[in-house]
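[1] Sharing a sequence plus its predicted fold:
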Number of protein chains: 2
Amino acid sequence: MSEKTTIYDIAKALNITAATVSRALNNNPKISQATKKLVLETAAKMNYKQNKLALALKSGRSNTVGVIVPYIDRNFFSSIIRGIEEELYPLGYHVIICQTHEEEGTEIDNINALLNAQVDGILMSVSKHTTQLDHFDHVLKKGVPLVFFDRKKDIKGVSTVTIDDFEGGYTATKHLIEQGCKRIAHLSGDRSLEIYKHRYEGYKKALEDFGLKVNKDHVVQCKNDIAAGHKAIDKFMKLDHRPDAIFSSSDFLALGAIQQLKKNGIKIPEEFCVVGFSNEPFTKFMELSISSVDQSPVLMGNTAAKVFLEQVKDSNVKIEKKVVLSPKLKIRKSSSRS
Amino acid sequence: MSEKTTIYDIAKALNITAATVSRALNNNPKISQATKKLVLETAAKMNYKQNKLALALKSGRSNTVGVIVPYIDRNFFSSIIRGIEEELYPLGYHVIICQTHEEEGTEIDNINALLNAQVDGILMSVSKHTTQLDHFDHVLKKGVPLVFFDRKKDIKGVSTVTIDDFEGGYTATKHLIEQGCKRIAHLSGDRSLEIYKHRYEGYKKALEDFGLKVNKDHVVQCKNDIAAGHKAIDKFMKLDHRPDAIFSSSDFLALGAIQQLKKNGIKIPEEFCVVGFSNEPFTKFMELSISSVDQSPVLMGNTAAKVFLEQVKDSNVKIEKKVVLSPKLKIRKSSSRS
DNA sequence: TAGATTCGTGCAATCGATTACAAATAGAAA
DNA sequence: TTTCTATTTGTAATCGATTGCACGAATCTA
């Protein structure tokens, strides 16, 4: 029924050895053109397909990389994966996908599973709740290249590809200042995560550079969803000194904020400007399109893949590369007063 | 440097054979508790990880499935993949992702690559431009289970998981009729693809059932993007007999249509209702949220995975299962007159 | 024609894990 | 003490492909 052809089948059919068949298929010079042609023909006729597993076992290279992300169905991450695929697939690599659901335990499981599967490298974005680092050391100890993208941990020997979150925060805030906003608030994710911390610091620096000061009441740390955006606005409305703009470290927060601002009859962008972060697809589709900081996820994926490739090329040389991409502010209606 | 521990290393360390180590690790009954304990301990100490490649080569099962989709960064497909992962990961399976970019050649490449990688099954959505079927036969001939989701071809021995596109078209159109719309137009994708054909047929049937007739000028076949939505409205505006509603087989077309309708000063939903298809995330985020037909992609992924699992369970029995999921109409502002 | 090259092919080990079969050791029964 | 059985362990083949080494034949040189 399941007729998988091996080089032994071909050898038997032609009354030669598997070794000869292998050499013929691999363009080995020590073989006559006649038998080579014969082998290639019968291989095609018998619909032979090389068993990559056997090859991988023999060679020690599986031509497979593991990619670990929190959720595959988040646009940011699926775009990164697309970028990785674009770069690696033409070279014969395959990509195995794992999701952590933001849990450290699952992340450890994933890493072990990928090591068992003998992947040639692991490209990943660290889960939000990861505190231990042992499992990363295991990877390095086995000599498997490890590349972090977007969410990273500082580990010796690990290359990283991130965007400049500080710059993102700075650019967005500066843009709001240039629109004439004076009391710029910041909605932030959990700032124990580097990315949110850096965005916040960029925000602070921009205020400082332009002679504005940070109002503690205007900096809110919250969950990353629409409802949290609503709540944040509710809080702001109770203040004597209300903000007139928001730089949000998430598009979902920004969307929630906008919805609630409208409910309060506040006009955007005339009375209030909003900039989000991530450039989620929906931000540009809205009637009131939302300004946002684009993280070029596809490019990030491309770059992570390239960094990995450099690492395998010189496996004797230990490369530790830190690539930082520049974010791009997409200015849309939610912050365009001009 | 790269210290990968094998059962031979453990055997050497304990002065026993690899066979004994293997038995200890696999809970084989023919082994003394003492050596078993010893082996397990040293295995842990030496940070042993089973080489799944060797296992796969020996057993003929790789515990890996291939998933082929047009684009991984389309929400619909990444959600399906999430559904597949949810079901398969707990059973120790891995998922290899491939993208066709809607090209037949790439699809064939992908399938060959996955067969080479010795996957235990292939779950896929057929590319838009696929006309040949030979490559699917190759898969079946090798005894590798094949499951189509969403986009399918009718092939003996291949199970499919789809949604009832006819029902989706019917329900959406019926809903528009119930809102009082009399001249319902239809924006459709390429109807040589089954899914678009069926949505169109559901649309026709609903009109028929409620005593409305199909106006050829109101049925437009076009590309699947926002610009095409604009153009379709432009065309409609020139008609003497303008439509007062649209059932669109794509959310992007629906969005484009809505944008252009607004430009023409037409009020939605009062003067004109719109329903899209796919329930893309952005449809519910809009201020004027867009009604859409949800295809429950995660469930579709779950189901495809389950169908695959049934198939491998009884590899001797040939199962050909055709699962049809029910679409769910999400009624939002763009079609809510009540 | 004898000896030296070259060329093409076969032999056998290897990658790491599993497993039927054989062998060895233990203990029990007579 | 001898024989038999039960328990544990070892031996070796296997999965499919690659590759260093050796061997034979063909070709070339003198």
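    Arrived safely.

[2] Going by C-alpha atoms from here, please, whenever you check contacts or count neighbours.
    Will do.

[3] What about the closest residue to A:Lys267 other than its chain neighbours, how many residues nearby?
    Spatial nearest neighbour of A:Lys267, chain neighbours left out: A:Leu261 (7.8 Å); criterion: CA to CA, 6 or more residues apart in numbering or on different chains. For A:Leu261, the neighbour count with other CA atoms under 10 Å in any protein chain shown is 19.

[4] Can you show me the helices along the stretch 51-200 of chain A?
    Assigned by DSSP state H, counting those that start in this stretch, the stretch 51-200 of chain A shows helices spanning A:52-59, A:75-88, A:104-116, A:134-141, A:165-178, A:194-209.

[5] And the strands in the stretch 201-338 of chain A?
    With DSSP state E, counting those that start in this stretch as the criterion, the stretch 201-338 of chain A has strands at A:219-221, A:245-248, A:273-277, A:291-294, A:322-325, A:328-330.

[6] any idea how far whatever residue of the stretch 201-338 of chain A ends up closest to chain B lies from B:Phe252?
    Across the stretch 201-338 of chain A, no residue is closer to chain B than A:Phe282, which sits at 4.7 Å (CA to the nearest CA). As judged by CA to CA, to the nearest Å, A:Phe282 and B:Phe252 stand 11 Å apart.

[7] Of these two, which one has the most company?
    Using other CA under 10 Å as the criterion, A:Phe282 and B:Phe252 rank with B:Phe252 on top: 24 against 19.

[8] Kindly export stretch A:236-248 (C-alpha atoms) in PDB.
    What follows is stretch A:236-248, C-alpha atoms only, in PDB (Å, rounded to 0.1, in the frame of the first residue of the first chain):
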ATOM      1  CA  PHE A 236      -8.400  60.500  33.200                       C
ATOM      2  CA  MET A 237     -11.900  62.100  33.100                       C
ATOM      3  CA  LYS A 238     -12.000  62.400  36.800                       C
ATOM      4  CA  LEU A 239      -8.800  64.300  37.000                       C
ATOM      5  CA  ASP A 240      -8.700  68.100  37.400                       C
ATOM      6  CA  HIS A 241      -5.800  68.200  35.000                       C
ATOM      7  CA  ARG A 242      -6.900  66.100  32.100                       C
ATOM      8  CA  PRO A 243      -4.500  65.000  29.400                       C
ATOM      9  CA  ASP A 244      -5.000  66.100  25.800                       C
ATOM     10  CA  ALA A 245      -3.200  63.300  24.100                       C
ATOM     11  CA  ILE A 246      -2.200  59.600  24.600                       C
ATOM     12  CA  PHE A 247       0.800  57.700  23.500                       C
ATOM     13  CA  SER A 248      -0.200  54.100  24.000                       C
END
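
[9] Regarding A:Thr5, what is its secondary structure?
    Local secondary structure at A:Thr5 is given as coil here, using DSSP: H, G, I helix; E, B strand; the rest coil.

[10] residue contacts, it?
    A:46-49 (CA atoms under 8 Å, 6 or more residues apart in numbering or on different chains).

[11] Any quick ChimeraX command for the buried ones out of these?
    Of these, the buried ones go into a single ChimeraX selection, burial set by 16 or more other CA atoms under 10 Å in any protein chain shown:
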select /A:46,48,49
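
[12] DNA strand D: which of the contacts of A:Thr5 is nearest?
    Of all the contacts of A:Thr5, A:Lys49 has the smallest distance to DNA strand D: 6.1 Å, by CA to the nearest atom of the strand.

[13] hang on, the closest one packs against B:Gln118?
    No - using CA atoms under 8 Å, A:Lys49 is not in contact with B:Gln118; the gap is 9.7 Å.

[14] per-residue pLDDT, the residue lying closest to A:Ile84 once chain neighbours are set aside?
    Spatially, and ignoring its direct neighbours in sequence, A:Ile84 is nearest to A:Gly301 (4.5 Å; CA to CA, 6+ apart). We have a pLDDT of 98 for A:Gly301.

[15] distance of A:Gly301 from DNA strand C?
    To DNA strand C, A:Gly301 is 30 Å away according to CA to the nearest atom of the strand, to the nearest Å.

[16] Might one say that A:Lys306 is in contact with A:Gly83?
    No - counting by CA under 8 Å, A:Lys306 stays clear of A:Gly83, with 10.3 Å between them.

[17] Look at those two and report which has more neighbours.
    The residue with more neighbours, out of A:Lys306 and A:Gly83, is A:Gly83; 22 against 14, by other CA under 10 Å.

[18] mind listing what the more buried one touches?
    By CA under 8 Å, 6+ apart, the contact set of A:Gly83 is A:297-302, A:305.

[19] which residue packs closest to A:Ser336, ignoring adjacent ones?
    In space, A:Ser336 is closest to A:Pro269, 6.4 Å off (CA to CA, 6+ apart).

[20] burial count for that neighbour?
    Residues near A:Pro269, counting by other CA under 10 Å, number 19.

[21] A:Lys333 too?
    Neighbour count of A:Lys333, defined by other CA under 10 Å: 20.

[22] ok, and the closest non-adjacent residue to it?
    Counting by CA to CA, 6+ apart, A:Lys333 lies nearest to A:Ser289, which is 5.2 Å off, once chain neighbours are set aside.

[23] Ramachandran angles for that neighbour?
    Taking degrees, to the nearest 10, you get phi -70, psi 150 for the backbone angles of A:Ser289.

[24] Double-check it against A:Thr283; I have them as touching.
    Yes - A:Ser289 is within contact range of A:Thr283, at 5.5 Å (criterion: CA under 8 Å).
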